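> Pasting the sequence and the predicted model now:
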Amino acid sequence: MKFLAPLAAACAIAAVSGTAFAQNAVTPVPQNVLQLSASGSVDVQQDLMVLNLATTKEGADAATVQTQLRQVVDAALAEAKRDAQPDKMEVRTGQFGIGPRYNKDGKVTGWQGRAELVLEGRDFARITTVAGRIQSMTISQLGFGLSKEARTRVQGEAQSRAIEEFKNRATSLAKDFGFSGYSLREVSVNGDEMAPAPRMQAMAMKSSVTMMGALDSGMPVEAGKTQVVVHVSGSVQLR
């Protein structure tokens with residue numbers, strides 16, 4: 001039975017040595033790995049309008065201002081909902097806030113508030129017509145964008161272009177570095193929308209009264225184009 005003790009000790013030493021070897025083993029540094037990125041883009045006509053109507057009120061107390069704002073918004077909301085239709089024009093309330101007014105001595109002299117109504121959709125004529133009818137509020141902002149359906153439709157094309165560009169770059173760079181090809185290690189794909197300044201930006205710098213008058217007179221409103229971009233980045237193993 002005495003020989004069992006030395007044998008157990010030897011096994012223990014071997015186990016510890018194996019663990020220490022595993023812990024001290026260094027992961028080899030990847031060789032011939034290339035990092036690269038590529039992009040694909042598609043130009044598309046903006047098909048979504050977002051128009052903000054706003055009103056401001058002032059009064060001696062906050063409750064009065066809030067009541068006045070609520071009355072204007074409720075009336076405008078009822079008027080706009082008469083022509084609301086999914087996708088063509090959807091209506092929602094926007095920002096609503098009330099704050100104190102101060103004199104030069106820092107004392108509160110009254111209250112002022114602002115409320116917004118948002119008209120959004122693809123039927124530009126319907127939106128501008130409704131906005132022109134709501135005389136109790138003025139246009140505070142007008143912009144264009146892409147609907148979810150339009151973005152989804154072109155994003156696939158932009159993604160295909162980005163992936164093809166990534167593959168072409170990987171093939172070309174592999175040859176430039178003296179390799180016959182490559183294998184994909186890791187890759188990430190993400191997209192965004194690069195929108196130019198709204199076509200109505202110059203008009204937005206004018207007074208809201210001027211803008212409202214232009215809509216009342218039937219002035220055409222036209223959106224521009226935007227660019228849907230997909231980025232592909234990752235690494236390849238040269239071989």
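On my side now, so go ahead.

> hey, what's the nearest residue to Val73 once chain neighbours are set aside bridged with?
Nearest non-adjacent residue to Val73, counting by Cβ to Cβ, 6 or more residues apart in numbering: Ala115, 5.0 Å away. In short, each C-beta sits where N, CA and C put it, glycine included. Beta-bridge pairing for Ala115 (DSSP bridges): Thr55, Phe96.

> residues near Ala115, how many?
By the measure other Cβ atoms under 10 Å, the count of residues near Ala115 is 24.

> Phe179 and Gln31 touch, don't they?
No: using Cβ atoms under 8 Å, Phe179 is not in contact with Gln31, being 11.6 Å away.

> Would you mind telling me which of these two has more residues around it?
More neighbours surround Phe179 than the other of Phe179 and Gln31, with 16 against 7 (other Cβ under 10 Å).

> residue contacts, that one?
Neighbouring residues of Phe179 by Cβ atoms under 8 Å, 6 or more residues apart in numbering: Asn32, Leu238, Arg239.

> ok, the last one touching Leu184?
Right, Arg239. No: when contacts are counted by Cβ under 8 Å, Arg239 is not listed as touching Leu184 (11.3 Å).

> Which residues are in contact with Arg169?
Per Cβ under 8 Å, 6+ apart, neighbours of Arg169: Leu36, Ala38.

> wait, Leu117
Per Cβ under 8 Å, 6+ apart, neighbours of Leu117: 52-54, 73, 76-77, 80, 91-94, 134, 137.

> burial of the residue nearest to Gly99 when sequence neighbours are not counted, as a residue count?
Sequence neighbours aside, Gln112 is the residue nearest to Gly99 in space, at 6.4 Å (criterion: Cβ to Cβ, 6+ apart). Residues lying near Gln112 (other Cβ under 10 Å) number 15.

> average pLDDT for the biggest helix by length in the chain?
Longest helix of the chain, by residue count under DSSP state H: helix 148-176. The predicted model assigns helix 148-176 a mean pLDDT of 94.

> now stretch 62-70
96.

> got it, and stretch 121-140?
Per-residue scores along stretch 121-140 average to 95.

> still on that earlier bit, give me the residues contacting the helix or strand that comes right after the longest helix of the chain.
Per DSSP states H and E, the first helix or strand lying C-terminal to helix 148-176 is strand 182-194. Strand 182-194 has contacts (Cβ under 8 Å, 6+ apart) with 33-34, 41, 145-146, 151, 155, 158-159, 162-163, 166, 170-171, 174, 226-239.

> Now stretch 46-59: buried residues?
Within stretch 46-59, the residues scored as buried using 16 or more other Cβ atoms under 10 Å are Gln46, Asp47, Leu48, Met49, Leu51, Asn52, Leu53, Ala54, Thr55, Lys57, Gly59.

> and if you look at stretch 113-133?
Buried-residue list, stretch 113-133, by 16+ other Cβ under 10 Å: 113-124, 126-128, 130-132.
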